[in-house]
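**Q** sharing a model that was predicted from the sequence below.
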2 protein chains.
Amino acid sequence: MVGGVERSSDTKDRLIEGTRQLLWDRGYVGTSPTAILRRSGVGQGSMYHHFRGKSDLVLAAERRSAELMQAQVREVFSGEGTGLQRIVAYLLLQRDVLRGCSVGRLAGDPEIVADDELRAPVRETFAVLNRCLSEAVAEAQAAGELDARLRPEETAAALAAVIQGGYALARAEQSTEPFDRAIHGALDLLGVPADDRVPVGARSS
Amino acid sequence: MVGGVERSSDTKDRLIEGTRQLLWDRGYVGTSPTAILRRSGVGQGSMYHHFRGKSDLVLAAERRSAELMQAQVREVFSGEGTGLQRIVAYLLLQRDVLRGCSVGRLAGDPEIVADDELRAPVRETFAVLNRCLSEAVAEAQAAGELDARLRPEETAAALAAVIQGGYALARAEQSTEPFDRAIHGALDLLGVPADDRVPVGARSS
DNA sequence: GTCTATATAGGGATAGAC
DNA sequence: GTCTATCCCTATATAGAC
């Protein structure tokens, strides 16, 4: 490719994206090479040409999910508005609630958390989220929008957990309502008035 | 058995408990009949004598996990103390954080949430938890321990989500710290003073 | 780079002896 | 009720042709 930047083949990209989708819905053990090939529309041999094996391909797919989620997080937290407004915007982001978080899903996979290399993209993504939330909390406190007694790191962890846990509650009922209740419960606890709960954004994460 | 009460065989019990443990750690697809037999110390034929197949055995294991968690929830919320004290006690319950919740784990399994019968124990358990938490919130509000503007159902959902989501954050870092931060972040938001954060209890859930 | 063929292991279940 | 033997299918990977 022009400019010396390496360009992945379409086939390789399709394998990564197919794996990413399957991983998201069915986890590591539930994602078979056969299913990947069928979903990617790629032949048997190509997979082992581009990747050393399943875990190598899974790692590439994880990294893509991590990039996408981190980009979305940074987009919201580098956006307009006060610290509290950005927190509210992130909490109210449109999400495919019943599908859940493509990165959080990976944290439930024993094969992934047991391997430091496979776990790294998940760890880093949650670290980015926690940093963005913490900074926004501190900023909101400085502006008098949030109680000064809140600890930014603790508050950030609680908010991230509400989102991740909200997915579990929602799936248990096969309804988005428990997720929405949890998010609005968190907004109540933050003291955000109903009028300030303005949704933003697009994709799921 | 005396009294007409049906008594499960030891073999059957061991199969259920072995399946329950595997399901907790590895999920539905990751739990194979062979592994169940090895862990239960039971022979091949016994399994298909006592159960129609894998999903039948999984259902029995789920019901046991659901019973255990519901019993623990009811124990905490029927215990002593004010509404807020019982909420704090539940949030600070000792848990095997890196293992996670035996019931919440099931909510992440596509094979389980896709089947109404397999999903029922998870749904019911979260319903029990939500009811206990909601009632405690309302009671705490009546006693002036919590802000009267909080909505009990929303607050309950947020607190349940913090616990479930806290497990995901902890596994991502392979450390219990993110879980503890999330819990204490929730306690901060509830306005619980550090002195009132007294741990109780025992088992994981 | 992609294809087909092949290999080994294990998953999930059944049959029938004891 | 429990055991061993057996069955068919799929997961994961390799080999080698094209």
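**A** Great, that's in hand.
**Q** can we go C-alpha only for contacts and neighbour counts from here?
**A** Noted.
**Q** max-length helix in chain A?
**A** Counting residues, the longest helix in chain A under DSSP state H turns out to be helix A:116-142.
**Q** need the next SSE after that one, C-terminal direction.
**A** Moving toward the C-terminus from helix A:116-142, the first helix or strand encountered (DSSP states H and E) is helix A:152-173.
**Q** export that following helix to CSV, keeping only CA atoms.
**A** The C-alpha trace of helix A:152-173 is given here as CSV (Å, rounded to 0.1, in the frame of the first residue of the first chain):
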residue,chain,number,x,y,z
PRO,A,152,-13.7,10.1,42.0
GLU,A,153,-12.2,6.6,41.6
GLU,A,154,-14.9,5.0,43.7
THR,A,155,-17.7,6.8,42.0
ALA,A,156,-16.3,5.9,38.6
ALA,A,157,-16.1,2.3,39.5
ALA,A,158,-19.7,2.3,40.8
LEU,A,159,-20.9,3.9,37.6
ALA,A,160,-19.0,1.5,35.3
ALA,A,161,-20.3,-1.4,37.4
VAL,A,162,-23.9,-0.2,37.1
ILE,A,163,-23.6,-0.4,33.3
GLN,A,164,-22.0,-3.8,33.2
GLY,A,165,-24.3,-5.2,35.8
GLY,A,166,-27.3,-3.6,34.2
TYR,A,167,-26.7,-5.8,31.2
ALA,A,168,-26.9,-8.9,33.4
LEU,A,169,-30.2,-7.8,35.0
ALA,A,170,-31.6,-7.1,31.6
ARG,A,171,-30.7,-10.4,30.1
ALA,A,172,-32.2,-12.2,33.1
GLU,A,173,-35.6,-10.7,32.2
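**Q** low-confidence stretches in chain A?
**A** A:1-8, A:200-205 (pLDDT under 70).
**Q** for it, just list every one of the helices.
**A** A:10-26, A:33-40, A:44-50, A:54-77, A:83-91, A:104-107, A:110-113, A:116-142, A:152-173, A:177-190.
**Q** buried sites along the second one?
**A** So that's helix A:33-40. Residues of helix A:33-40 classed as buried by neighbour count (16 or more other CA atoms under 10 Å in any protein chain shown): A:Pro33, A:Ile36, A:Leu37, A:Arg39, A:Ser40.
**Q** wait, what's in contact with the last one?
**A** A:Ser40 is in contact with A:Arg14, A:Leu15, A:Glu17, A:Gly18, counting by CA atoms under 8 Å, 6 or more residues apart in numbering or on different chains.
**Q** near A:Asp196, how many other residues are there?
**A** A:Asp196 is flanked by 12 other residues according to other CA atoms under 10 Å in any protein chain shown.
**Q** residues contacting it?
**A** So A:Asp196 contacts A:Gln85 (CA under 8 Å, 6+ apart).
**Q** residues in chain A within reach of DNA strand D, list them.
**A** By CA under 7 Å from any atom of the strand, the part of chain A that sits against DNA strand D consists of A:29, A:31-35, A:44-45, A:48, A:52-55.
**Q** if any of those are buried, give me the PyMOL selection for them.
**A** Entered in PyMOL, the line below selects the buried ones among those, by 16+ other CA under 10 Å:
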select buried, chain A and resi 29+31+33+54
